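J.: this one's sequence-less:
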């Protein structure tokens, strides 16, 4: 029995797991969950009552795993491929986990609050969220001045987290012109075959993202040409 990923193609946290799966060519089945659909929502909650994706089902081990970072560590240990996404070396692994949390907490969290504010028209004060993104950009630009990848000599869990976080973050707060190291890192990420595949699969859904017009034309053109929601 194969792994099954419960996910949505537009979700940044799902993108993070998809990048990891594609990096190592791990075979899995897909179950797209539409949270607006009561039956889909109930199916997801049966696996993880919190009702958030992604969730990975592993029938062979009778495990249902939530949380993107946990899923990737699980895959890295039990379904290893050519690339270790969490290094064996303890100090390097600690750095990878630190920067994974950085991308989730200081990019993904502000992103979700800004997007939710637009979706639900709450018109909240988002000064803090935008300031957090700006601070994170400066920290990353400084860090990436002497690095290729975020936390390890090789592509890692931290970069799986970085790719979708930066992809969506720059639609809300553009990268500053003087953050050239950050921009170069983003370009390396989006040229990664695993990341390109995730973006390609998300294209038909971009029109449902509330800041779709801020997605660069090079990423959204294909979805605009299709002009309809996939079935």
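T.: Received, thanks. These figures come from a predicted structure and were not determined experimentally. Numbers count the residues shown, from 1 in each chain.

J.: gap between residue 45 and residue 22?
T.: Per C-beta to C-beta, to the nearest Å, residue 45 is found 27 Å from residue 22. (C-beta placed from N, C-alpha, C; glycine too.)

J.: roughly how far apart are residue 84 and residue 73?
T.: Counting by C-beta to C-beta, the separation of residue 84 from residue 73 is 11 Å.

J.: cool, and residue 113?
T.: Counting by C-beta to C-beta, the gap from residue 113 to residue 73 is 26 Å.

J.: specify which residue of those two has the higher count of neighbours.
T.: Between residue 113 and residue 73, counted using other C-beta atoms under 10 Å, the more crowded position is residue 73 (20 against 16).

J.: go ahead and confirm the more buried one touches residue 80.
T.: No. The criterion here is C-beta atoms under 8 Å, and residue 73 misses it with residue 80 at 11.3 Å.

J.: where in this structure is pLDDT low?
T.: Applying pLDDT under 70 to the chain picks out residues 1, 222-231.

J.: domains in it, as residue ranges please.
T.: Listed by automatic domain parsing, the domain ranges of the chain are 3-78, 90-196.

J.: right, and these - which one's nearest residue 202?
T.: Taking C-beta to C-beta, domain 3-78 is the member of the domains of the chain nearest to residue 202, at 5.0 Å.

J.: follow-up on the earlier one: of the domains of the chain, which is nearest residue 208?
T.: Using C-beta to C-beta, those put domain 3-78 closest to residue 208, at 6.3 Å.

J.: what about the closest one, distance to the chain center?
T.: Between the centre of domain 3-78 and the centre of its chain there are 12 Å (C-alpha atoms, centre = their mean, to the nearest Å).

J.: what is the end-to-end distance of it?
T.: 12 Å (C-alpha to C-alpha, to the nearest Å).

J.: go on, stretch 77-93?
T.: 13 Å.

J.: for the protein, what spans make up the helices?
T.: 12-23, 38-47, 68-78, 90-103, 109-119, 127-143, 157-172, 180-190, 193-202, 217-226 (DSSP state H).

J.: between residue 45 and residue 22, which one's more packed in?
T.: Each of residue 45 and residue 22 has its neighbours counted (other C-beta under 10 Å); residue 22 has more, 19 against 13.
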